Structures are given as C-alpha cells and as structure tokens.
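Chemist: I'd like to go over a predicted model; first the sequence, then the structure.
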Amino acid sequence: MDEEYVEQVLSLVERVPPGRVTTYGLIAETLRGTLGRGGPRQVGAVMAAYGGPVPWWRVVRSDGSLPDSHLPDAHQEYLAEGTPLRRSGSVDLRAAVWWPEEE
DNA sequence: GTTATGACTATGG
DNA sequence: GCCATAGCCATAA
C-alpha cells in the first residue's frame, strides 16, 4: 500500500531541524522525485492520519501560515525552539524554510 | 465515470 | 501577508 509514501513523509518531517520549518509542497516535490506520485494534499492526508508521533508543527503551508486547528500548540513549540515568527503568528518562511535535500 | 472532500498551491486583487 | 478562485492528487461513495 502507500505505507512507503507514509514512511518517507514522516522520515522527512523528522529530519527538519529545530527552529526551522518546511512546507507541504516541498515534501511533495521531493517525494514526487523519488516515488513519482503524491502531491501536497497527499502529504497533508498522511500527516492527518499518521502525523501524531512526528513534529508536525514544523510543516507549514507555502505562505508560512499554519493549518487552522494547530496554531495554539504550534505557537508554543515555536517559542520553545526559537522559530522566526511574524506578528500574525505565522512563520517567517524567508528565514525558517528548510529544504529536505540540504539536510 | 462523476462528485465531493481534504493538515494544499499558484495567481490576481 | 491575507482573501477568493481555479487547479491538483488520491480516496470514497
């Protein structure tokens, strides 16, 4: 099944360094390069189903804002990790974005 | 095969 | 950066 896809997604999320974040689209593109399938929405679906154990707050939308429901928890983690935030509470992507390949 | 749905993205305002 | 709209990938009914 898509167990492999799930494994890859979670693996990448776990690799994100503290204080940095990545986006659904970046993960999706990386996996599309290796597995040749999936998309941002699939990554989101995987996170919704299996994202519990991993640092899901380090995965944000392409504009730096977060999924509606996670703001309170995520904000707390960002403060603890020193993730660059903007006044609105969204992440400052320009400073915090992390590309899976650069590790 | 067609529709609806979802932790999405690109584009225009 | 935020809002609305259109497009995308995969799954389910």
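Modeler: Sure, I can see it.
Chemist: Quick check: the gap between residue A:10 and DNA strand B.
Modeler: Applying CB to the nearest atom of the strand, to the nearest Å, one obtains 11 Å for the distance of residue A:10 from DNA strand B. Heads up, the C-betas are built off the backbone N, CA and C, glycines and all.
Chemist: low pLDDT regions in chain A?
Modeler: Along chain A, segments meeting pLDDT under 70 span A:1, A:102.
Chemist: Residue numbers of chain A in contact with DNA strand C?
Modeler: Where proximity means CB under 7 Å from any atom of the strand, the interface of chain A facing DNA strand C comprises A:2, A:37-42, A:63-65, A:86, A:88, A:90, A:92-94.
Chemist: Which among these count as buried?
Modeler: Of the members of the residues of chain A next to DNA strand C, the ones counted as buried by neighbours, 16 or more other CB atoms under 10 Å, are A:38, A:40, A:42, A:64, A:90, A:93.
Chemist: unless I'm mixing things up, the second one is touching residue A:22, no?
Modeler: No. Contact between residue A:40 and residue A:22 fails when scored by CB atoms under 8 Å: they sit 11.8 Å apart.
Chemist: Could you identify the pair within the buried ones among the residues of chain A next to DNA strand C that is furthest apart?
Modeler: Spatial extent of these (CB to CB) is set by the pair A:38 and A:90 at 25.0 Å.
Chemist: Pick out the residue closest to the middle of chain A.
Modeler: Centrality entry for chain A: nearest residue to the mean C-alpha point is residue A:59, 1.8 Å, by CA atoms, centre = their mean.
Chemist: With residue A:24 as the reference, measure out to residue A:94.
Modeler: Taking CB to CB, to the nearest Å as the measure, residue A:94 and residue A:24 are separated by 18 Å.
Chemist: Now for chain A: which helix has the highest residue count?
Modeler: helix A:3-15 (DSSP state H).
Chemist: other SSEs contacting the next helix or strand after it?
Modeler: Toward the C-terminal end, the helix or strand that comes next after helix A:3-15 (DSSP states H and E) is strand A:22-23. In this structure, strand A:22-23 makes packing contacts with strand A:59-60, judged by 3 or more CB pairs under 8 Å, 6 or more residues apart in numbering; DSSP states H and E.
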